[in-house]
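Student: The sequence and its predicted three-dimensional model are supplied below.
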Amino acid sequence: MSNVIRRLNYQHLLYFWSVVRTGSLTRACEELALAAPTVSAQLRTLEERLGEKLLVKSGRTLVPTEVGRLVYSYANEIFGLGQELMEALEQRPSSRPLKLLIGIDDVLPKEIAYRIVEPSLQLKQSVRVICREGTLERLVADLAIHEIDVVLSDSPVTPSLNVRAYSHPLGSCNVYWMATPTLAKTLRRDFPKSLDGVPALLPTDDTAIRRALDQWLDRQNVRPLLLGEFEDYAMLREFAREGHGFAPVPSVLEASFRKQHGFVRIGLAKGVKAEFYAISAERKIKHPAIAAMTDNARQLFSET
């Protein structure tokens, strides 16, 4: 066994790890920028070196055998440590800016994302921030292959995503129903019954905040007219600002939405909490800029 370990080719192990992680030989080849015959040949060589079958066909896909799953678990640790090494080297004090790649869930209000991210720019070492937007599923997939450093979201990562990641709670706040002054004036009377049959603008039904809002509306026995559902909260806000319906607004944003967008509070969605998370590939956050973000975010939400 010791001879096998000494002769293990980590490049071949990387090819195997990529195939299992991406779930497809084709996607692994795209990621590795290699031709399928090349990767297939290297996988066979790895199996010969280890003396075990690692992958079997299931329909049109390759799935790991029992031994393959064991090898994959070790490969995860090996390449995870390799990435941590590269990040540690990149984060040494130097004249170069510290790079921070952030994934921002579409449903997260950009105003909140800014307040979370902004403290990372106040470090003594200069920081270059790169922000990407998308669905939580896509961003967590990017996190798994270390294309981004952290994901900001309104919900924790779920086991269904099948990715090893850790959700760090940043805090929560109340949610208010808000609208333009004209609409809000009529809806404040007899709230929350006044919302029944009125055009509403909500996040899509695959989000945590939407599920909480739907439950609140059910408890009030209120059935608004669902005028629009939005993955992007900025788009939801624009429709509400033009008077197309009432919308949910996290209380941490109430003052700025009144001042900058002319929104007026209708009433509190009592019992509904907007929650916020930083999702990382590490159990303990080590990146100094991410640590600054999470520390300040917890302070921000503790004040609401």
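Tutor: Cool, got the structure.

Student: any idea how far the residue nearest to Ala35 when sequence neighbours are not counted lies from Pro37?
Tutor: Closest residue in space to Ala35, ignoring its immediate chain neighbours: Cys29 at 6.6 Å, by CB to CB, 6 or more residues apart in numbering. Every residue, glycine included, has its C-beta placed from N, CA and C. Per CB to CB, to the nearest Å, Cys29 is found 9 Å from Pro37.

Student: Extract the C-alpha trace of the helix or strand encompassing the residue nearest to Ala35 and format it as PDB.
Tutor: Cys29 belongs to helix 25-32 when assigned by DSSP states H and E. The C-alpha coordinates for helix 25-32 follow below in PDB (Å, rounded to 0.1, in the frame of the first residue of the first chain):
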ATOM      1  CA  LEU A  25     -17.100  13.700 -18.000                       C
ATOM      2  CA  THR A  26     -18.100  16.400 -20.500                       C
ATOM      3  CA  ARG A  27     -18.300  19.200 -17.900                       C
ATOM      4  CA  ALA A  28     -15.100  18.000 -16.300                       C
ATOM      5  CA  CYS A  29     -13.300  18.200 -19.600                       C
ATOM      6  CA  GLU A  30     -14.700  21.700 -20.200                       C
ATOM      7  CA  GLU A  31     -13.400  22.800 -16.700                       C
ATOM      8  CA  LEU A  32     -10.000  21.200 -17.200                       C
END
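
Student: shift numbering so it begins at 150
Tutor: All right, first residue 150 from here; so that's helix 174-181.

Student: What are the buried residues along the helix or strand immediately after that helix in the chain?
Tutor: Next in sequence after helix 174-181, counting helices and strands by DSSP H and E, comes helix 185-199. For helix 185-199, burial by neighbour count (16 or more other CB atoms under 10 Å) applies to 188-189, 191-192, 195-196, 199.

Student: Return the member of those nearest to Pro341.
Tutor: For the buried residues of helix 185-199, the minimum distance to Pro341 (CB to CB) is 58.1 Å, reached by Val188.

Student: Leaving aside the residues adjacent along the chain, what's closest to that closest one?
Tutor: In space, Val188 is closest to Tyr164, 5.1 Å off (CB to CB, 6+ apart).
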